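J.: Sequence isn't available, so here's the structure alone:
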C-alpha cells in the first residue's frame, strides 16, 4: 500500500523510479574519440560476436566463423544457422549459439554436443557465450519472450525474462544460475563469481552460488553487453548503445509504447539503435542535435560506440568512445589478443583494432 | 604625496599580555594607496583596528596630520578623518542605501525625500551606480562595498582602510573597485588596503608593508616588490613552489563513484546539471559567478532544495537521496564547507572548541545527549593541534581569529564528522598564503585517505594545483571535464565563458 502510494507520488513529482534522469558520461567514462579513430581491420557482412583463444581472433559473421589472419578474415567453419554468439573453448574448438536457440560445440573433444534448453525451458535469445577456466560454458539468454533480433521489442516491453545458464560440456548438463534478469547480455567468470550484464537495468551483477546477485557496477549511462577478460587484468565491457532521457521517458509511458509498437515500423521507433542517421524518418533523439548542418558530438545519441575497461574489482578504469557524430557505433564485442584490442562495431559492421599501449598512453596524456 | 597623514610609532597592542603587534612603525602618506600584507595572525587587522579606534594601543604613539591622537571609538576616529570598511560590511540590511549613508546623522525631523535627493546627488558625484532607494539586503557585494565607501567619503574621511575588500567580488566588480580606489586617490584620500591576493596589492598599491608575527618586516615601493619577495617576507621562506606553483605530474585514479548528480534542476541557477564525484580524488569545479556550482552542491548537502517537480536525482553511493535540511546529509557523510564562513560557517561568539564540538553534535542522531564541556575542550584542542589553528588560547572566540584560522576551524568542524564526501566551496577565499598552503595540504591528505573531495574555486591556479579532474561549469551545468594533465588555463576559461 505504502509502496503504491510512493509510486503515485513519485510519478506526480517525477522522483525516484519516475525520475527521467541519465547518469553523465564523466570521470573514467569521459567521452573521447579513441574508438572513432581506431584502425578498421575489415568490413563484414553480418557480424555478431568475437572470440579469442589467446593467439588469434575469430569472428561470428552470419553462418560462418572466420579467423583473422593479418587483416584478412578466413573462414574456418560454416554452420546451418546464423551464429548469434561465439566462444573459444580452452581445450580447442568453439562454442556457438545458433539463431539464439541452441548452443553447439564445434571442434575439440566435445564436438557436436548441443543444448537447446536449460531447466526445462528452451533457449530463446542466446546472445553471449563465455568459457570458464574450468572448462564450463556460461550462456546468457536475453529474453524468454522475444527472439535475439528483437532486443528493442524486449526493451520496450520492459522485459525481465533473461537468464544466466551454466553448461558443462564434459557431461552435457545445464543449470540456471540466475533468472528474471532484465535482458542478460554477456557474462564472464571472475574469482568472486560470475558477472553478468543486465542491459535494461544498466548494471553488472555478480552471482556466486545464491539466487540473488550482488551489484558490481550500477547506473551505467549505457546499456552494457558482452564482457571478456583483459590480458593485463580486469575486463572489457562493451555497451551497445547509450541511454538518453528521451528513451527513459518513453520507458515510463506504457500507453505511448504500446501504440508505437502497434503502429510504427520498428526501424523508426523511439528506441536506441545500433546505427543511426540512415534515413530522415528516424526519430530525432532530442532537439538541437545539429548546428549549421553538423551533428553535435554531445547531442543525445540514438546510437553510440562504447567499450569500458574495468578493474578486477569492477571499477571503471577508462573507456573508448565513438560519439554521436561518429560511425563506429553499436559495439557488441571486444577481445584483446597480442597487445591489441579488437572491437566489433556491429552498427557499422566493422572490425576495429586498437593498440592497448597506445590507448593507455593517449589517456594518460 | 610626501606628507605623512597618519603615523604609528613603536605601536604595541597586547591581548592578555600576548602581543598582537609589537613595536610596529607605520607611515601613511597623503594620497597614497598603501597595501598591508601578512599571514593570518601577522597583526594587520589589529594595526588597522588601532587606527580606526576599534582598539587602543597598549604602548606607542599614533599621529594624525602630525598631531598625537588616540581614538578610543570608531566615532572618534571618524572625527579624525579615518574610516574603515570592514570585510563583513557594517550596513543595516533592512534599510535603504540613503538611510545607511546618513545613519547617525539624522535630524529631529527627517524627511526621507530629502535624504534620498541628497544621497542621489552624492552617489552621482562619486559616479556610483547605486539607487539610493534600494534596500541594502538586495544589493550585490560590490554595490554594498560602494555604499560603504560612499559613507566613508561622506564623512570626509581622509584615510579609508579596506579590509579584504575584494574577497567577495567578481572579476568585473574587482576592476570597478580598483577604479574607485584610483578615483579616491585622485581626490587626495589615502587608502590602506589589506589583501591576501598579492597580485592585487602589486597592482593597486604605491607602497607595501609586510608584517609577520605582529612585527614590521619591510616597507617599500610596490614597484620594488614581486610576488616571490612579498611571500618570502610574509612567511620567512620561499613558498612560491608549494603555492599553486607546480602542476601535477600524476593524477589519482578514480575510486568508487560516491556522488552522482543527474539532471539536477534548481530554479534558474541549476539547469539539468549532471556530474559524478569519485572516492580518492579531488574533483575541482571551476566556473564564473552564476555558473550554479555552489547551488548544485548546496542541493547535494541539503542546504537548499532542488525543484519540486522533476528536480533530477542525487545519488550517494548509488542510492537516491533528497535532503530537506543539512542534518541527514551530515549523518550520511557529506560535509559542505561554505564559501561564506562568516555567515554560514561558525558561531562567532563561541570558542574554537565549542564550534568544533557543534560539528560533532550535528552528526549525532540522538538529540538527548548531554553536552560535555570536557569533551568539547579536548576536541577543540585536538583539532586545533591537528589543523594548526593558531590562537592566543583555546577559549578565544571565533570572531577574534584571523581569516585563515577561522577557515581551518570551519574545516575542523566538518572533518570531525568523519565525512566520506567533503565539499570545499572557495576554501582559501580571504586566507593568507601560509594558511593556503596548509589548507591545500589538508585537502590533498583527505583525497589520499580515499575520501571523495570537491573543491569549488573561482581561482584557476588553485583549481589546477589541487584537482585530479576539473569540471567546468557554465550557466547552471557542467559543460566540460578535463584531466589536470590536459587542462590549461586557456582551455578552462574558454569552456567557462563560451
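T.: Here it is on my side, so go on. Predicted, not measured: the structure shown is a model, and the values here were computed from it. Residues are numbered from 1 along each chain as shown, chains lettered A, B, ... in the order given.
J.: switch to C-alpha atoms for all contacts and neighbour counts from now on
T.: Noted.
J.: Just want to check the distance between residue B:426 and chain A.
T.: Look at residue B:426 and chain A: by C-alpha to the nearest C-alpha, to the nearest Å, they are 22 Å apart.
J.: Then residue B:122?
T.: 51 Å.
J.: What residues sit buried inside the helix or strand harbouring that residue?
T.: Using DSSP states H and E, residue B:122 sits within helix B:112-125. Within helix B:112-125, the residues that count as buried by 16 or more other C-alpha atoms under 10 Å in any protein chain shown are B:115-116, B:118-120, B:122-123.
J.: Same question for stretch A:190-201.
T.: Buried positions in stretch A:190-201, judged by neighbour count with 16+ other C-alpha under 10 Å: A:190, A:194-201.
J.: Dump those residues into JSON lines; add secondary structure, distance to chain B and pLDDT as well.
T.: Converted to JSON lines, the buried residues of stretch A:190-201 look like this (DSSP: H, G, I helix; E, B strand; the rest coil; distance: C-alpha to the nearest C-alpha, whole Å; pLDDT from 0 to 100):
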{"residue": "A:190", "secondary structure": "strand", "distance to chain B": "19", "pLDDT": "95"}
{"residue": "A:194", "secondary structure": "strand", "distance to chain B": "20", "pLDDT": "96"}
{"residue": "A:195", "secondary structure": "strand", "distance to chain B": "18", "pLDDT": "97"}
{"residue": "A:196", "secondary structure": "strand", "distance to chain B": "19", "pLDDT": "97"}
{"residue": "A:197", "secondary structure": "strand", "distance to chain B": "17", "pLDDT": "97"}
{"residue": "A:198", "secondary structure": "strand", "distance to chain B": "16", "pLDDT": "97"}
{"residue": "A:199", "secondary structure": "helix", "distance to chain B": "17", "pLDDT": "97"}
{"residue": "A:200", "secondary structure": "helix", "distance to chain B": "17", "pLDDT": "97"}
{"residue": "A:201", "secondary structure": "helix", "distance to chain B": "13", "pLDDT": "96"}
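J.: farthest pair in those residues?
T.: Pairwise distances across the buried residues of stretch A:190-201 (C-alpha to C-alpha) peak at 22.1 Å, for the pair A:190 and A:200.
J.: I'd guessed residue B:408 sits against residue B:387; true?
T.: Yes. Judged on C-alpha atoms under 8 Å, residue B:408 makes contact with residue B:387 at a distance of 6.5 Å.
J.: Neighbour count for those two, which is higher?
T.: Ranked by neighbour count (other C-alpha atoms under 10 Å in any protein chain shown), residue B:408 and residue B:387 place residue B:408 first, with 28 against 17.
J.: what residues are up against the more buried one?
T.: B:387-389, B:439 (C-alpha atoms under 8 Å, 6 or more residues apart in numbering or on different chains).
J.: so which of those comes closest to chain A?
T.: Closest to chain A out of the contacts of residue B:408 is residue B:439 (24.8 Å), distances taken as C-alpha to the nearest C-alpha.
J.: Can you get me a residue count around that closest one?
T.: For residue B:439, the neighbour count with other C-alpha under 10 Å is 20.
J.: cool, and residue B:348?
T.: By the other C-alpha under 10 Å criterion, the neighbourhood of residue B:348 contains 17 residues.
J.: Which element, helix or strand, includes residue B:494?
T.: Going by DSSP H and E, residue B:494 is part of helix B:489-497.
J.: Partner strands of the helix or strand containing residue B:37 and their direction?
T.: Assigned by DSSP H and E, residue B:37 belongs to strand B:33-38. Paired with strand B:33-38 in the same sheet, following DSSP bridges, are strand B:190-194 (parallel), strand B:207-212 (parallel).
J.: Just say which of the ones you listed is most tucked in.
T.: Mean neighbour count (mean count of other C-alpha atoms under 10 Å in any protein chain shown) peaks for strand B:190-194 among those, with a mean of 26.
J.: Make JSON lines out of the strands paired with strand B:33-38 and add distance to residue A:141 and mean pLDDT.
T.: Listed next are the strands paired with strand B:33-38 as JSON lines, based on distance: least, C-alpha to C-alpha, whole Å; pLDDT from 0 to 100:
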{"stretch": "strand B:190-194", "distance to residue A:141": "71", "mean pLDDT": "91"}
{"stretch": "strand B:207-212", "distance to residue A:141": "73", "mean pLDDT": "90"}
